[in-house]
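**Student:** below are the sequence and a predicted model; questions follow.
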Amino acid sequence: MRVYSRSEHNISRSQISENALKVLYKLQKEGYSAYLVGGCVRDLLLGREPKDFDVVTNADPEEIKKVFRNCRLIGRRFRLAHVHFGREVIEVATFRGAAESSNDDKQVLNTEGRLLRDNVYGTIEEDVWRRDFTVNALYYNIKDFSVVDYVNGMADHKAAQLKLIGDPETRFREDPVRMIRAVRFAVKLGFTIDANCAEAMHKVADLLSSIPSARLYDEVIKLFLSGYGLQTFEMLRHYGLFKELFPVTDQSLAVEEAGFPRQLIIKALQNSDNRIADGKTVTAYFLFSAFLWEPVQIRAREKVARGVPEYMAYQDAANEVISQQVKSTALPRHITMAMREVWGLQGKFNSRYGSKPSRLMSHPRFRAGYDFLVLRAETGGADMELAEWWGKYQEASENEQRKMTQPPRKAEGGKSTRKRGYRPRVKKTSQGTEA
Ligand code: ATP
Ligand code: MG
């Protein structure tokens, strides 16, 4: 173990959230030890503002609850305390320990070596071995403002290296989610994944499929909405992890590696990275709409070729793709609903005449649908002229809009040039128009 005294590191209390400091001091005052740990220490050492502050202590959850009035106990996999200060929540965990005996039911491994339950309390010396990367296992001690390092994390931090604590393959088997965490941190921090870890990742990437799809959703959101989505995507593909998270998408990429689906996804990720950089909001459903668009197209085209009516073919294809996807990474219903709406709007953009465009514009997902149309057009999957028309239409005055939506004069033969979309055929009236 090495202790870096206050003068040997750059973490100052002024960078630490006031509420986190309150929690640390209060625990100390009650006679407990209290440390900041994990991502916040790592980020503070880099001079970055941490996303949140995690505290560890030797007080157990019940004791923590007694210290703080504004405290709630949460967690199934591991019990934690959440101390609430308005909108800020400080997470307070008890040191985790090693299970004493193999028949201890507080810690359970499955046949692949995955840790299913892990609810044993311990000391800081035990807690450290449970953490994933050495740079995530540095403890900032409120008692003397020192940084406590059991795993050579400070040196790895200086070398900008992500190294797992212990044997990489064993640690990835225990919790395969650590592989996508490695990618997330590598991209976010600009650190390199240590060679032994990288080797182990290539070897056991497929174990990610054993993780419950609901747990992966949270991780996937962090991966792609972090502001470095594109780089993350490339690195996940490099390690064979992307196919475990989005198998249906991965298949479609294999079909046309240099072509359209890849460009669509890349462009979507680039756009959302740019938006985040500009401080704008991004939505998960838009990205997932892009991830799964081509798979839906492929299936729908197959169905149409088999004689399924177009409208039904697209509906069925969307259902199939979504139900396959959620087996790997669960997507909540409100997300899949929004994706269906974005997809459904794409066909509707073809109707430019009459009252349809103005009705379409009042659709709650119009903007996302239009952005998606532009994305498709930019990557060769939709008519650029159509996308531009909709861009112009939105900006136009009411008068101009009326002009834009006037159907072209009928040709000599009296045939309308209007496209019918995929509405079921309706009996024609004597005037030759639809009933
Ligand atoms: P950030 O919050 O910036 O995304 P973080 O490192 O704080 O990064 P959290 O998910 O908040 O990530 O986890 C806090 C700490 O808990 C980590 O730094 C690590 O020490 C430990 N940890 C989290 N997940 C795991 C895991 N799957 N295996 C081992 N340790 C973990
Ligand atoms: Mg954190």
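**Tutor:** Received, thanks. Ligands and ions are numbered 1, 2, ... in the order given.
**Student:** near ligand 1, which residues of the stretch 51-200 of the chain show up?
**Tutor:** Residues of the stretch 51-200 of the chain lying close to ligand 1 by Cβ under 6 Å from any ligand atom are Lys51, Asp52, Asp54, Arg131, Asp132, Asn136, Ala137, Asp175, Val177, Arg178. Where C-beta positions appear, they are placed from N, C-alpha and C, glycine not excepted.
**Student:** state the distance from the first one to Val89.
**Tutor:** The reference is to Lys51. Applying Cβ to Cβ, to the nearest Å, the value for Lys51 to Val89 is 12 Å.
**Student:** what about whichever residue of the stretch 301-435 of the chain sits closest to ligand 1, neighbour count?
**Tutor:** For the stretch 301-435 of the chain and ligand 1, the shortest gap (Cβ to the nearest ligand atom) falls at Thr329, measuring 16.3 Å. When neighbours are counted by other Cβ atoms under 10 Å, Thr329 registers 23.
**Student:** residues contacting it?
**Tutor:** By Cβ atoms under 8 Å, 6 or more residues apart in numbering, Thr329 lies in contact with Ser213, Leu216, Tyr217, Val220, Leu245, Phe246.
**Student:** which of the three states applies to the closest residue in space to it that isn't next to it in sequence?
**Tutor:** Among residues not flanking Thr329 along the chain, Leu216 sits closest, at 4.5 Å (Cβ to Cβ, 6 or more residues apart in numbering). Secondary structure assignment for Leu216 (DSSP: H, G, I helix; E, B strand; the rest coil): helix.
**Student:** could you do His363 as well?
**Tutor:** coil.
**Student:** neighbours of it, how many?
**Tutor:** Residues lying near His363 (other Cβ under 10 Å) number 15.
**Student:** need the contact list for it.
**Tutor:** Contacts of His363 were listed using Cβ under 8 Å, 6+ apart, and they are Glu341, Leu345, Gly369.
**Student:** list only those of the residues you listed flagged as buried.
**Tutor:** Neighbour counting with 16 or more other Cβ atoms under 10 Å marks Glu341, Leu345, Gly369 as buried within the contacts of His363.
**Student:** lowest-pLDDT helix or strand in this structure?
**Tutor:** strand 115-118 (a mean of 60; mean pLDDT, DSSP states H and E).
**Student:** ok, residues contacting whatever helix or strand comes next after it?
**Tutor:** Downstream of strand 115-118, the first helix or strand assigned by DSSP states H and E is helix 124-127. By Cβ under 8 Å, 6+ apart, the residues outside helix 124-127 that reach it are Ser33, Tyr35, Val56, Asn58, Phe95, Arg96, Gly97, Ala98, Tyr139, Val148, Tyr150.
**Student:** domain-wise, how is this protein divided?
**Tutor:** Annotated domains of the chain cover 1-159, 212-411 [automatic domain parsing].
**Student:** right, so of these, which gets closest to Lys203?
**Tutor:** Nearest to Lys203 among these is domain 212-411; the distance by Cβ to Cβ comes to 9.6 Å.
**Student:** could you give the mean pLDDT of the closest one?
**Tutor:** Averaging pLDDT along domain 212-411 gives 93.
**Student:** stretch 81-101 too?
**Tutor:** Mean pLDDT, stretch 81-101: 87.
**Student:** hang on, the earlier thing: buried subset of the contacts of helix 124-127?
**Tutor:** The neighbour count (16+ other Cβ under 10 Å) marks Ser33, Tyr35, Val56, Asn58, Phe95, Arg96, Gly97, Tyr139, Val148, Tyr150 as buried among the contacts of helix 124-127.
**Student:** so which of those residues are also by ligand 2?
**Tutor:** Restricting the buried ones among the contacts of helix 124-127 to those touching ligand 2 (Cβ under 5 Å from the ion) yields no residues.
**Student:** let me have the residues you listed in CSV, extended by distance to Asn350.
**Tutor:** Output for these, formatted as CSV (distance: Cβ to Cβ, whole Å):
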residue, distance to Asn350
Ser33, 66
Tyr35, 60
Val56, 58
Asn58, 65
Phe95, 61
Arg96, 57
Gly97, 63
Tyr139, 60
Val148, 64
Tyr150, 63
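**Student:** before we move on, back to that, can I get the domains of the chain in TSV including distance to Lys188?
**Tutor:** Below are the domains of the chain laid out as TSV (distance: least, Cβ to Cβ, whole Å):
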stretch	distance to Lys188
domain 1-159	9
domain 212-411	6
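**Student:** for ligand 1, what's its nearest residue on the stretch 251-400 of the chain.
**Tutor:** Closest point on the stretch 251-400 of the chain to ligand 1, by Cβ to the nearest ligand atom, is Ile276, at 15.0 Å.
**Student:** who's the closest spatial neighbour of that residue, skipping the chain neighbours?
**Tutor:** Gly227 (4.0 Å).
**Student:** count of neighbours near that neighbour?
**Tutor:** Counted with other Cβ under 10 Å, Gly227 comes out at 17.
**Student:** that one in helix, strand or coil?
**Tutor:** Put simply, Gly227 is coil when judged by three-state DSSP.
**Student:** list the contacts for it?
**Tutor:** Contact partners of Gly227, counting by Cβ under 8 Å, 6+ apart, are Asp273, Ile276, Ala277.
**Student:** so what's Ala34 bridging to?
**Tutor:** Note on Ala34: beta-bridge partners by DSSP bridges are Thr57.
**Student:** just the element for the spatially most central residue of the chain, please.
**Tutor:** The centroid of the chain falls nearest to Ile221 when counting by Cα atoms, centre = their mean (1.4 Å). For Ile221, the element it lies in under DSSP H and E is helix 213-224.
**Student:** and for Gln251?
**Tutor:** Taking DSSP H and E as the criterion, Gln251 maps to helix 247-255.
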